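1. No sequence on hand, only this structure:
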């Protein structure tokens, strides 16, 4: 049961759900939630390959850097969301139509 | 036995919470379901023997990212829930409408089918390794790898974090009253 294929299938389902969240939701914070799901699917793939295919820990290192980049991305993205709300007073994605006011 | 129980429960928690993120109407509940999904991913890391990555996942996401998202949701609630209360399907405005859900489902299904086709080929061609169920601690080795082989990426990520911190502080500063 616990094989490489099962981890890959779980990661694939997580990725597809994140993709559908990104496409179908209209709230900017919800789109950021979809991005987090996709990044976690990629990191899970790295760790699974590191255990079942290679014998070193490079996959773990890469997964740690993915977590770091996800944290930085969430900080900057949510700052942009708060700034957008200060200007437009909504976070509906259809209102984001201009680069400067 | 315990490992299989942990694997099944973590996989169920991950996938069910991810689907709940997609289907929940309230964006606050969506953030909490994302937290549950990330805890499930940390459990999957634990079943893979990646103890340091699992603990880092729990610390960074529970202590940082999800809290930040909850703050962003609370700071940007406002008129969204009142003026745009419903859309075509009678759902809250944060849920999208039938077009976005249709396009999302089509793209997801196409992606899922093509990747299952790819996975069939990959899993047949992989070398079968015998896996022992003993998990030595990886913390020591990860520390050596981070300051020997991957030291350049380590330093670049520190610069990235500094840039993201300063950039977030500058972007989210209060507006000038003019």
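-> On my side now, so go ahead. Just so it is clear, the model here is predicted, and its values are computed rather than measured. Numbering: from 1, shown residues only, chains lettered A, B, ... in the order given.
2. and residue B:149, that's in a helix?
-> No: applying DSSP: H, G, I helix; E, B strand; the rest coil, one finds residue B:149 to be coil, outside a helix.
3. Quick one, grab the pLDDT at it.
-> Per-residue pLDDT puts residue B:149 at 90.
4. May I ask which helix or strand of chain B has the lowest mean pLDDT?
-> Within chain B, no helix or strand scores below helix B:80-83, which has a mean of 49 by mean pLDDT, DSSP states H and E.
5. Now the element after that helix, going C-ward?
-> helix B:98-125 (DSSP states H and E).
6. That following helix - contacts with which helices or strands?
-> Packing partners of helix B:98-125 (3 or more Cβ pairs under 8 Å, 6 or more residues apart in numbering or on different chains; DSSP states H and E): helix A:4-24. (C-beta placed from N, C-alpha, C; glycine too.)
7. Might one say that residue B:53 is in contact with residue B:47?
-> No: using Cβ atoms under 8 Å, residue B:53 makes no contact with residue B:47, being 11.8 Å away.
8. More neighbours: those two, which one.
-> Using other Cβ atoms under 10 Å in any protein chain shown as the criterion, residue B:53 and residue B:47 rank with residue B:53 on top: 30 against 23.
9. any idea how far that one is from chain A?
-> Remark: distance between residue B:53 and chain A (Cβ to the nearest Cβ, to the nearest Å) = 5 Å.
10. In contact with that residue: list those residues for me.
-> By Cβ atoms under 8 Å, 6 or more residues apart in numbering or on different chains, residue B:53 lies in contact with A:43, A:47, A:60, A:63, A:64, A:67, B:45.
11. Which ones among these map onto helices?
-> A:43, A:47, A:60, A:63, A:64, A:67, B:45 (DSSP state H).
12. Confirm residue B:136 sits in a strand?
-> No: looking at residue B:136 with three-state DSSP, it is coil, so not inside a strand.
13. tell me which strands and helices whichever strand or helix holds residue B:72 is in contact with?
-> Element membership for residue B:72, per DSSP H and E: helix B:66-75. Packing contacts for helix B:66-75, counted by 3+ Cβ pairs under 8 Å, 6+ apart, involve helix A:28-52, helix A:58-88, helix B:27-47.
14. which parts of the very next helix or strand once past the last one are buried?
-> Using DSSP H and E, the helix or strand that follows helix B:27-47 in sequence is helix B:51-60. Using 16 or more other Cβ atoms under 10 Å in any protein chain shown as the burial criterion, the residues of helix B:51-60 that qualify are B:51, B:52, B:53, B:54, B:56, B:57, B:58, B:60.
15. how far off helix A:58-88 does helix B:51-60 point, in degrees?
-> Interaxial angle of helix B:51-60 relative to helix A:58-88 (axes from the mean of the first three to the mean of the last three Cα atoms, to 10 degrees): 10 degrees.
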